[in-house]
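# pasted the sequence and its predicted model underneath.
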Amino acid sequence: MPLSSSSTKTEIEYFIRDSQADLILCNPQFKPMFSCLDSPLNDYKPNPQVIEITHSDLDSGIELALDTYDTDVEADAMLIYTSGTTGQPKGAIHS
């Protein structure tokens, strides 16, 4: 799920809780955005792991040891949060 660097701490916490993200990949300069993960966000699920990754890592073909998931062409591919009409961000699933 792409996040805006202009998101507030409250918005970041909401996006992470609502999406139930397990993993966050971010450029090192944006890692401070996820300081909310320094303490548990909820009682039922561990906070997602944050992995710093740079453009040069991607260019060099870095390999990350990540869990794999079975998917198919009908599987949801991405979650984008919009401002919504209620003032509360709303997750829109794209497949």
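Nice, thanks for sending it over.
# where do the helices sit along this structure?
Here the chain has its helices, by DSSP state H, at 9-19, 55-59.
# can you tell me the closest non-neighbouring residue to E13?
In space, E13 comes closest to C36 once its chain neighbours are excluded; the distance is 4.8 Å by Cβ to Cβ, 6 or more residues apart in numbering. Placement of C-beta: from N, CA and C, glycine included.
# quick revisit: right, so the helices of the chain: which one is the most enclosed?
helix 9-19 (a mean of 15; mean count of other Cβ atoms under 10 Å).
# if we can go back for a sec, to P46, which of the helices of the chain lies closest?
Nearest to P46, of all the helices of the chain, is helix 9-19, at 11.5 Å by Cβ to Cβ.
# picking up where we left off before, the residue nearest to E13: neighbouring residues, count only.
Residue neighbour count, defined by other Cβ atoms under 10 Å, stands at 15 for C36.
# for the one 4 residues further on, same thing?
When counting by other Cβ under 10 Å, one arrives at 10 neighbours for P40.
# kindly report the same for K31.
Counted with other Cβ under 10 Å, K31 comes out at 14.
# just the pLDDT for the closest residue to it other than its chain neighbours.
Distance criterion Cβ to Cβ, 6+ apart; nearest residue to K31, sequence neighbours excluded, is E52 at 5.8 Å. At E52, the pLDDT value in this model is 88.
# state the distance from the residue nearest the centre of the chain to D72.
Most central in the chain under Cα atoms, centre = their mean is I24, positioned 4.6 Å from the mean C-alpha point. Note on I24: its distance to D72, by Cβ to Cβ, to the nearest Å, is 25 Å.
# then P40?
Computed as Cβ to Cβ, the P40 to D72 distance reads 33 Å.
# residues contacting the residue nearest to E13?
Contacts for C36 (Cβ atoms under 8 Å, 6 or more residues apart in numbering) come out as K9, I12, E13, I16.
# and which of those residues is nearest to S83?
Distance ranking of those against S83, using Cβ to Cβ, places I12 first at 15.0 Å.
# distance of the closest one relative to S6?
Plainly put, I12 is 11 Å away from S6 if you go by Cβ to Cβ.
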